[in-house]
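> Provided below for reference: sequence and predicted model.
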Amino acid sequence: MSFTLDRNSWSTALERGDMGRSYDAYFSSGVYLSRYPRPNRRTLRLLDRLLPVGGRLLDYGAGEGRYCFDLAHRRNAEVLAVDISAVARQHLRAASSAMGIAGRVEVCDADDETYRRALAQGGFDVALLGFGVLGHVAGRRSRIELLAQLRHALAPEGRLVLGLPNAARRFRARQRACRPLIAEGALEPGDIRYERPLEQGAIPLFYHLFTGAEIRRDLAEAGFAIEWLTSESLLPESAVTHSRLLGLLDDGACALAPARFGYGFLVTARAL
């Protein structure tokens with residue numbers, strides 16, 4: 001797939017949080033899967049603990065299915081896999097069928113009636129926004145509204161699991177470059193715009209980077225209480241998902257290091 005979103009349209013597309021076309025190109029290129037070939041062992045272990053066998057998982061931003069496929073297979077989970085990218089949804093359907101788990105993995109866009117019906121039905125044991133998905137939602141109000149939606153979709157003892165990028169460790173140069181846009185009101189504090197280079201051309205992306213204090217504030221406003229806030233990894237995600245040894249060592253180091261040193265945060269929260 002060629003990527004044709006021109007620079008003049010970046011501002012409008014990213015400000016409204018429309019990342020679908022960017023991720024269509026990212027997934028189609030094969031670069032995304034090559035960068036992140038495995039689940040983060042730390043996140044997967046947490047999901048194993050929280051999701052009962054035969055439980056219900058809402059995977060928002062399911063991407064290539066790194067978590068939901070494993071859980072549908074090993075835990076016999078009933079999965080709703082949500083993604084804004086049409087290419088990702090096509091992959092999720094084809095791959096789940098090839099793995100023989102299509103009957104347990106329903107795929108949809110967040111604009112679909114399937115998603116709205118699932119939210120209204122509720123009863124999910126875990127709602128997952130893994131590996132920075134929430135950071136790709138533009139606008140604090142939009143992020144809080146999404147979190148509140150997911151709170152209503154959870155079963156009474158259900159849990160929200162978030163992987164969030166740490167502002168202290170990520171994109172420091174881009175943060176400095178975006179300060180004028182924040183000052184003029186084009187971006188909110190913590191927002192950045194950046195590019196992911198591909199052979200077909202650079203993909204424009206939006207990201208919101210988080211502090212620990214901001215996570216606590218936003219989750220409280222959305223009606224959640226944090227149960228656990230730790231490091232998702234200390235090394236970059238691409239390193240710990242490529243190398244099993246680095247993933248193992250990083251997992252052990254995360255257990256010792258304060259969350260503020262994490263490359264990303266890993267958060268578990270329950271509804272108030």
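Received the coordinates, thanks.
> can you give me the strands for the stretch 101-250 of the chain?
All strands of the stretch 101-250 of the chain, identified by DSSP state E, counting those that start in this stretch, fall at 105-108, 124-129, 154-165, 191-196, 203-208, 224-233.
> who are the packing partners of the shortest one?
Using 3 or more CB pairs under 8 Å, 6 or more residues apart in numbering; DSSP states H and E as the contact criterion, the elements in contact with strand 105-108 are helix 68-74, strand 78-82, helix 86-98, helix 113-121. Heads up, the C-betas are built off the backbone N, CA and C, glycines and all.
> list the buried residues in that strand.
105, 106, 107, 108 (16 or more other CB atoms under 10 Å).
> surely the second one touches residue 112?
Right, residue 106. No - contact criterion CB atoms under 8 Å: residue 106 and residue 112 do not qualify, at 10.1 Å.
> excluding sequence neighbours, find me the nearest residue to residue 137.
residue 143 (4.9 Å; CB to CB, 6 or more residues apart in numbering).
> distance check, that neighbour against residue 208.
As for residue 143, its distance to residue 208 is 7 Å (criterion: CB to CB, to the nearest Å).
> the more surrounded of these two?
Comparing residue 143 with residue 208 by neighbour count (other CB atoms under 10 Å), the higher total belongs to residue 208, at 24 against 21.
> my guess is that one contacts residue 189. True?
No - checked against CB under 8 Å, the pair residue 208 and residue 189 is beyond contact range at 9.2 Å.
> confirm residue 23 sits in a helix?
Yes - under DSSP: H, G, I helix; E, B strand; the rest coil, residue 23 sits within a helix.
> show me the contacts for it.
32, 83, 84, 85, 87, 88 (CB atoms under 8 Å, 6 or more residues apart in numbering).
> can you lay out these as a markdown table showing distance to residue 154, neighbour count and pLDDT?
What follows is the contacts of residue 23, written out as a markdown table (distance: CB to CB, whole Å; neighbours: other CB atoms under 10 Å; pLDDT from 0 to 100):
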| residue | distance to residue 154 | neighbour count | pLDDT |
| --- | --- | --- | --- |
| 32 | 28 | 20 | 83 |
| 83 | 20 | 26 | 95 |
| 84 | 21 | 22 | 92 |
| 85 | 25 | 24 | 93 |
| 87 | 29 | 19 | 93 |
| 88 | 24 | 26 | 94 |
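> which of those sits closest to residue 202?
Checking the contacts of residue 23 against residue 202 with CB to CB, the nearest one is residue 32 at 14.6 Å.
> now do the closest one against residue 25, distance only.
On the measure of CB to CB, residue 32 and residue 25 end up 10 Å apart.
> then residue 263?
Applying CB to CB to residue 263 and residue 25 gives a distance of 25 Å.
> more neighbours: these two, which one.
residue 25 (25 against 20).
> would you confirm that that one contacts residue 200?
Yes - the criterion here is CB under 8 Å, and residue 25 meets it with residue 200 at 6.9 Å.
> so what's the spatially closest residue to residue 236 that is not a sequence neighbour up against?
Using CB to CB, 6+ apart and skipping the chain neighbours, the partner closest in space to residue 236 is residue 263 (5.7 Å). Residues in contact with residue 263 (CB under 8 Å, 6+ apart) are 165, 166, 169, 170, 231, 232, 233, 234, 235, 236, 237.
> are any of those buried, and if so which?
165, 166, 169, 170, 231, 232, 233, 234, 235, 236, 237.
> between those, which sits nearest residue 255?
Ranked by distance to residue 255 (CB to CB), the buried ones among the contacts of residue 263 are led by residue 231 at 8.7 Å.
> could you pull up the contacting residues of that closest one?
Each residue near residue 231 by CB under 8 Å, 6+ apart is listed here: 42, 254, 257, 258, 259, 261, 262, 263, 264, 265, 266.
> cutoff 10 Å now
Contact analysis of residue 231 by CB atoms under 10 Å, 6 or more residues apart in numbering lists 42, 166, 169, 250-251, 253-266.
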